[in-house]
Every structure is written in C-alpha cells, then in structure tokens.
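**Student:** Here is a sequence together with a model predicted from it:
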Amino acid sequence: MKFARGSILAAAMLALSSSIAHAGVTLSVLIDTNPESIASLDVLTKAYKEKNPDVSFDVEQRAGGSEGDNIVKTRLATGEMADVFEYNSGSLFQALKPERTLADLSDLKSEADVRDIFRKVVTGPDGKVRGMPFGPAMGGGIFYNRKIYADLGLKVPKTWAEFMANNEKIKAAGKVAVAQTYGDTWTSQLFVLADYYNVQAQVPNFAADYTANKAKYATTPAAMRGFEHLEEVFKAKVSNADFGAAKFNDGLRMVATGEAGHYPMLTFGIGTIQQNYPDNLKDLGFFAQPGDDASKNGLTIWMPAALYVPANSKNVAEAKKFVDWVGTKEACELMAKAVPSGPYLIKDCNLPKDIPQAVADMLPYFDKDGGTAPALEFLSPIKGPALEQITVEVGSGIRSAKDAAALYDQDVQKQAKQLGLPNW
Amino acid sequence: MSRTKSPYPYWFILPAAVIFTVLFLVPTLASFWFSLTRWDLFSVEFIGIENYRQFFREPFLIQGLFNTVIYAVTTSAAKTVLGLLLAVLLTSGLWGQGFLRTVMFFPVLVSTIGVGITFTVLMHPTRGIINVALAAIGIHGPGWLTDPTLALYSVVLVDVWKGIGLATVIYIAGLASISPEYYEAARIDGATRTQLFFRVTVPLVKPATVTVVTLSLIGGLRSFDLIWAMTRGGPGFSSDVLASVIYKQYQAGFYGLSTAGNVILFALIAVIILPLTLWFNRKEVEL
C-alpha cells in the first residue's frame, strides 16, 4: 500500500516535471573520460544548442576499459541508460544484445553517408544499423620520435628485422628504444593486436576460422609472431627500466619528448600529446607495425566508437534527431577540427589542412588499396579477457611466447563458451 | 533448561527479519541459482555445473587459491603476533602512550584504496621514495610490485601496516580485562618478565587472540581492495587471489561464472573458519 502511494506520487511528480520542461528537452549523454571524446562531444553539443535553443545536454562521464563495459551493460540492463551514449563498435557492441536494447537508426538520413566499413561494425544480428560514428578511425602501430630518427640517420622500418636493428642503434645512443608501460596493463597488448594486418596478409581466412574454432594462435605461426615480437623486445633489453610500473601517459611523454625512440600504441594517443606536449607534436611520427615481408606492409586499424540510443529512452525521438545531425558532414567536420587524429568515416568529411605529423604519416595507408585491415576484434566476436595479463607476462619475461599463445587459446575458448557460440 | 516465555512478542523481530531476508537471504539463494547459468545481464540460460567446471579449469585458479591462503595466513599471523607485542608495549605505562595509541590506530581509518594508491607510488621501482632512499645508501631496491616473486608479499606488508591498529586495540582491551592479581601472585612466586608474558598474559588474553585470528583470517581470505589497488593481481597473474580472479570474470561480463566463483569462495571461508571457531570455543571451555 505504502509502495503504491509512493509510486503514484513519483508518477505525479514526473508528469509535473515533464510538463514544466515541455518547452525544452534535456538529453542526457554518457561518454568515456578520454580527452578526445570529451573534446568531440563539447564542440557537437555547443553547435547543436545554437541551432536548437530548446535542447540542452546533461553530460556524464564513465570509466573506460572493462570497468566501463560493466557500467554500460548494467545501466542498459536496468533501464538506467542515458538518452545517448558512446561505446565501442565491433565485438563489444555485439555483446550489448543490440537487437533488444538499442534503438534502430537505419532510417536516419545521415546513415546513408556513413562509410560501409563502419556501418558493418554497428549492425546487429538482425541487419539493422544501430550506431553513428563518433571520432576518427585509429591506427594501431608504433609512434616514433622523428628527432631521434634524424639524429641517428634511421629510416622508417618496413620489416621487423629493420625495426629491431633500429632499436639496437637507439639503445647504443643511450636512449630507451621501446617504451613499455605495463602499469596500464592494456597497453601491453599492442604488439599482438596491431600485428593483425600481417596475420591476415599471410592467412586470409584467420578471422573466420578462428571464430569457427578451427584456427588457433598456438598452431598458426603467423598469429604467434605478435607474441614472439613481445618476447624479442624483452630479450633485447631495449625498454625503459620502469616498464613494469610506467603508465600510458609516461609512454606518450617518453616518445614525444625524445626520452624513447618508439612506443607501440593506438593513434588516439595523439590527442593527449597535443594537449600535454604541444611543442613536441612535430617530433612525433607514426608507422605501421612491420611484419616479415616488406612488400606486404600495411596498417591494422581500429574503428571509432559510436553513439547509440537505448530503445527504452524517454527521449528517443529527440535523441535520434541529435544523432542524425552528428552524422552530417557539417558536424563531422566540427569534430575533425577539434580532434584531427585520424580519418573520419562520413563521406566527404575532410580533415583540416593543418594536421599533426603523426596523422599525416598514417593517411597514406588509408589511401593505398589494401593498405589497411581492421583489427581482429572487428571481425570476430571473440577476444579473450586475459590477453593483457598474458602479454604483460611475455613482455616481462615471465612466460615464453609459445606458452603464452597456448594459454591465450584457452582464454579464448572460455570467452566463446560464455558467449554460447556454436562449435565450441 | 526450562523455556520461559519471552516477555516480547515475536513480531518484534519482523523489521530485522525483513531486512535480513531481502538484502541477504534472497540474494544469497539467488546467487546459487545464477551460478548454474550463463548470464549476461540481458538473458539467463541454465547450463548446469558448467561454470564450476570452467572455474576449476582457470589456469591461475590453483595459484590464486594458494596465494589466498598465503595472504590470509601471513597477514593474520603477523597481525596477531605484532598486535599483541604492540598492545603490551602500549599498556606498559610508556611516555606519550595515549598519543602513540592514536597514531597506531590511524591507518585503520584511512581508505584502503587510498593506502593502496599511496604505496603504489612509494614502491615505484625507479622513482618511488623507498627505492630512492635505498639507492642513497647504495642499495639497488627491488621492483616491489613489478617483481612477480615479490609483489604479493609487498601487498601483505602494506596490509599488515594498515590492519595492525585494529588488532592492537582488541588486544589492549583484552589486556585490560586481566586482573592484576595474577601478575602479583606470579611475581611473588618469582616469575621473570618473560615467564609473566608467556605464562600469564598469553593464556589469559586468549579471547582477544581468538577474535583477532578469526577476524584477520576472514579478512585475509576475502581480501580484494588492497590487492586490486596495488597490483590488480599482476604482474601477469602472480599476485592473483581468489577474489581478484572472481572480479576479473565479472569484468569480462561472465556474470554466471563469477557468481560460481563467489559460491566457491563462500564455501572455502566456511570450511576454514567453522572448524577453527569450534576448536577455539572448545579450548575456551577447557580453560
């Protein structure tokens, strides 16, 4: 009885507040704490408010990584999600059960101008598009310090052997050759994940076979190379002394300021360097992680995150209108100006003329036919959750590359079983 | 024993019973059910004991279990021994005793996560104040939290530092309840100070020991926050304990699997603590 009265009161208050707010609508937005996400949303909401004075925004930030995954899933499952939220595309998007939890965006006008390569990674199992790209595509590869390269007369490596030779020269010059930052465990995965272009260049069917439980890391030499690279870098002793405790920001500082020659990372680090070390931005270069064959050199790319609208949002119509606008050329170029750290995935959406050097280094891969390949997580729903611990072990010399690949296969099997995939 | 009728009506327990049922009993029983399912928050599918099988196949579960026991036993032993010694020291009429007791207890009041983050900075292998200080006197300090053989023990050290205040306070209360007459009698019989400690203090402070051992053992077995703040179970899996293994399953979105892990943790604590408490209680009756 008490409860019933309480809920009537709540309903009455809700009705009252919505009638007061009738003149305007407040869209709640949930994004992560990455400086690039914040900067992008900031320019978008400002411009949208100018065009639609009756709309205001209530922006909320959440943690990234697996903690963020939990926040998003829990809030979606309990119906507490914001009207618009930002989240990864690809396998993480699929884990949200999009066909049940997210609003269908396929009828939005601007979806027609979203590039196919992106539309694929935000399409649910029912074939409906449910996300709008938010931010630039990213490359996974190796940041390098251009000053060190110029001083030592080094050339951008096209093969792994050339890369290791450069490392020896940088080490001989008394600098850190490869910055490693296992204090943020996720950063340890780059040599494995960014090697995927090289994996698929040699084994074109790897993603499909891997998903179908037919191909394994431990038994596919091309796939195991990533783990071996990590082991080689540890054995060559070319990393910073505090590699076990250093963090993501330390790695960016080292490669930007010339303490270190290389830092394997995703290009979203450019935004942080632009903010923290603007004077060093011109010294920062970027190249794809080289494989064994110089003629098959290309870049592993990550699709940007997307904006989604939960199916049960109170403001679905207004939220969809905003997301539709985010997909226009006009909105996209606002984002491109605020965060010019990679190509955008809306047709005719151009980057500004003045872009950081590392971005300029990345664009040729996109222009070349077959110069890029999406990372494995955009081609398969399976990514073992313990990869970052396993790569820390290999990179710290605790476990051999061979053991690590086999252990990761076990981890992958667990993930597939928990997803209830067939054949596992 | 005759059953006298309680002067209070039974429905007096109703408020407590409702809270206990809704917030404790129902979730506990529900967790037994969810541990038998594949659960991703959006849908539930019954899969029998598959989660338990998977959990016991976790490559680092055995090491995690082993680490859990090491962690619980070492922290509990250190807190018991050091706590008693400190309590004796702080009841011996030392100058500034009141102030020292306060200082002793202070770490207990600080947030565990805060302590963890602070010590992570202090224990940084190259820039941390501990290794900088060691380097000043010519010692090359180890990677306290980055050396896989050392990480768990570094956390144990911090746990003891943080938790010892509580053990000391319990012991101070225990010491205060020992009648001074025992000491007088023993002294008249010619007991030395060592004999006083081992023959009078230690046996008579037993109820406090039982409390300290039980509390710190349970605390150690289910400890999570300090380990997570300092090493996240790393480097690799080297300082994983049962609770951090469970948490990682939860993070990965394996909600059914992590619930199964929690049921196992529940069983483990019950299996260790129940006989221990029974044994302690029997001893107490014998005394």
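**Tutor:** Cool, got the structure. Here the structure is a predicted model, which is why all the values come from computation and not from measurement.

**Student:** all strands for the chain, in order.
**Tutor:** Let's take chain A. A:25-32, A:55-62, A:84-87, A:132-134, A:138-145, A:176-178, A:260-266, A:284-288, A:299-302, A:305-308, A:372-374 (DSSP state E).

**Student:** Let me rephrase: I mean chain B.
**Tutor:** Using DSSP E, the strands of chain B run over B:37-39, B:44-46.

**Student:** For A:Ala311, which of those strands is the nearest?
**Tutor:** A:Ala311 sits nearest to strand B:44-46 of all the strands of chain B, at 19.6 Å, using Cβ to Cβ. C-beta coordinates here come from the backbone N, C-alpha and C atoms, glycine included.

**Student:** hang on, the earlier thing: B:Thr192 is nearest to which of the strands of chain B?
**Tutor:** Nearest to B:Thr192, of all the strands of chain B, is strand B:37-39, at 63.3 Å by Cβ to Cβ.

**Student:** What is the burial count for B:Arg199?
**Tutor:** 14 (other Cβ atoms under 10 Å in any protein chain shown).

**Student:** Can you give me the pLDDT of it?
**Tutor:** Looking at B:Arg199, its pLDDT is 91.

**Student:** which residues touch it?
**Tutor:** When the contact criterion is Cβ atoms under 8 Å, 6 or more residues apart in numbering or on different chains, the partners of B:Arg199 are B:Ala186, B:Ala191.

**Student:** swap in the one 3 residues further on?
**Tutor:** Applying Cβ under 8 Å, 6+ apart, we find B:Val202 in contact with B:Leu84, B:Thr209.

**Student:** so what's the residue lying closest to A:Arg399 once chain neighbours are set aside scoring on pLDDT?
**Tutor:** Using Cβ to Cβ, 6 or more residues apart in numbering or on different chains and skipping residues adjacent in sequence, the residue nearest A:Arg399 is A:Glu393, 4.0 Å away. Listed pLDDT for A:Glu393 reads 95.

**Student:** Surely A:Glu393 touches A:Ala404?
**Tutor:** Yes - counting by Cβ atoms under 8 Å, A:Ala404 is a contact partner of A:Glu393 at 6.5 Å.

**Student:** what about A:Ala241, neighbour count?
**Tutor:** By other Cβ under 10 Å, the residues close to A:Ala241 number 12.

**Student:** do you know how far A:Lys175 is from chain B?
**Tutor:** 16 Å (Cβ to the nearest Cβ, to the nearest Å).

**Student:** Please name the nearest non-neighbouring residue to that residue.
**Tutor:** In space, A:Lys175 is closest to A:Gly261, 5.8 Å off (Cβ to Cβ, 6+ apart).

**Student:** for the one you found, what are its contacts?
**Tutor:** Counted by Cβ under 8 Å, 6+ apart, A:Gly261 has contacts A:Tyr144, A:Asn145, A:Ile148, A:Tyr149, A:Asn166, A:Asn167, A:Ile170, A:Lys175, A:Val176, A:Ala177, A:Val178, A:Val255.

**Student:** Which residues are in contact with the residue lying closest to the fifth one once chain neighbours are set aside?
**Tutor:** This means A:Asn166. Closest residue to A:Asn166 apart from its sequence neighbours, by Cβ to Cβ, 6+ apart: A:Leu154 at 5.0 Å. Neighbouring residues of A:Leu154 by Cβ under 8 Å, 6+ apart: A:Ile148, A:Asn166, A:Lys169, A:Ile170.

**Student:** picking up where we left off before, reformat the strands of chain A as a markdown table; add mean pLDDT and distance to B:Gly163.
**Tutor:** What follows is these, written out as a markdown table (pLDDT from 0 to 100; distance: least, Cβ to Cβ, whole Å):
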| stretch | mean pLDDT | distance to B:Gly163 |
| --- | --- | --- |
| strand A:25-32 | 95 | 35 |
| strand A:55-62 | 94 | 32 |
| strand A:84-87 | 97 | 39 |
| strand A:132-134 | 96 | 45 |
| strand A:138-145 | 96 | 43 |
| strand A:176-178 | 96 | 39 |
| strand A:260-266 | 96 | 39 |
| strand A:284-288 | 96 | 46 |
| strand A:299-302 | 96 | 44 |
| strand A:305-308 | 96 | 42 |
| strand A:372-374 | 93 | 49 |
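
**Student:** Any chance of JSON lines for these, columns distance to B:Leu82?
**Tutor:** Putting the strands of chain A into JSON lines (distance: least, Cβ to Cβ, whole Å) gives the following:
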{"stretch": "strand A:25-32", "distance to B:Leu82": "44"}
{"stretch": "strand A:55-62", "distance to B:Leu82": "41"}
{"stretch": "strand A:84-87", "distance to B:Leu82": "48"}
{"stretch": "strand A:132-134", "distance to B:Leu82": "54"}
{"stretch": "strand A:138-145", "distance to B:Leu82": "48"}
{"stretch": "strand A:176-178", "distance to B:Leu82": "42"}
{"stretch": "strand A:260-266", "distance to B:Leu82": "43"}
{"stretch": "strand A:284-288", "distance to B:Leu82": "51"}
{"stretch": "strand A:299-302", "distance to B:Leu82": "51"}
{"stretch": "strand A:305-308", "distance to B:Leu82": "50"}
{"stretch": "strand A:372-374", "distance to B:Leu82": "56"}
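
**Student:** closest to B:Phe20 out of the ones you listed?
**Tutor:** strand A:55-62 (33.2 Å).

**Student:** Give me the neighbour count for residue 246.
**Tutor:** Assuming you mean chain A. Residues lying near A:Ala246 (other Cβ under 10 Å) number 26.

**Student:** wrong chain, I was asking about chain B
**Tutor:** Neighbours of B:Ile246 (other Cβ under 10 Å): 25.

**Student:** Need the nearest residue in space to it, chain neighbours excluded.
**Tutor:** B:Gly261 (3.8 Å).

**Student:** So the one you found versus B:Gly98, what's the distance?
**Tutor:** B:Gly261 is 45 Å from B:Gly98, where distance means Cβ to Cβ, to the nearest Å.

**Student:** A:Gly140 against A:Leu190, yeah?
**Tutor:** Yes - the pair A:Gly140 / A:Leu190 is scored as a contact, 6.2 Å apart, by Cβ under 8 Å.

**Student:** For the two, list the residues in contact with both.
**Tutor:** Contact criterion Cβ under 8 Å, 6+ apart; residues shared by A:Gly140 and A:Leu190: A:Met265, A:Leu266, A:Gln289.

**Student:** and the first one, how far is that from chain B?
**Tutor:** Shown here: A:Met265 relative to chain B, a distance of 20 Å by Cβ to the nearest Cβ.

**Student:** Ok, A:Asp324 next?
**Tutor:** Applying Cβ to the nearest Cβ to A:Asp324 and chain B gives a distance of 26 Å.

**Student:** tell me, how many neighbours does the residue nearest to B:Ile246 end up with?
**Tutor:** 27.

**Student:** isn't it right up against B:Phe55?
**Tutor:** Yes - with contact defined as Cβ under 8 Å, B:Gly261 and B:Phe55 form a contacting pair (5.4 Å).

**Student:** In contact with the residue in the stretch 1-150 of chain B that chain A sits nearest to, which residues?
**Tutor:** Relative to chain A, the nearest point of the stretch 1-150 of chain B is B:Thr146 (2.9 Å; Cβ to the nearest Cβ). When contacts are counted by Cβ under 8 Å, 6+ apart, B:Thr146 touches A:Tyr182, A:Asp242, A:Gly244, A:Ala245, A:Ser396, B:Pro125, B:Pro235.
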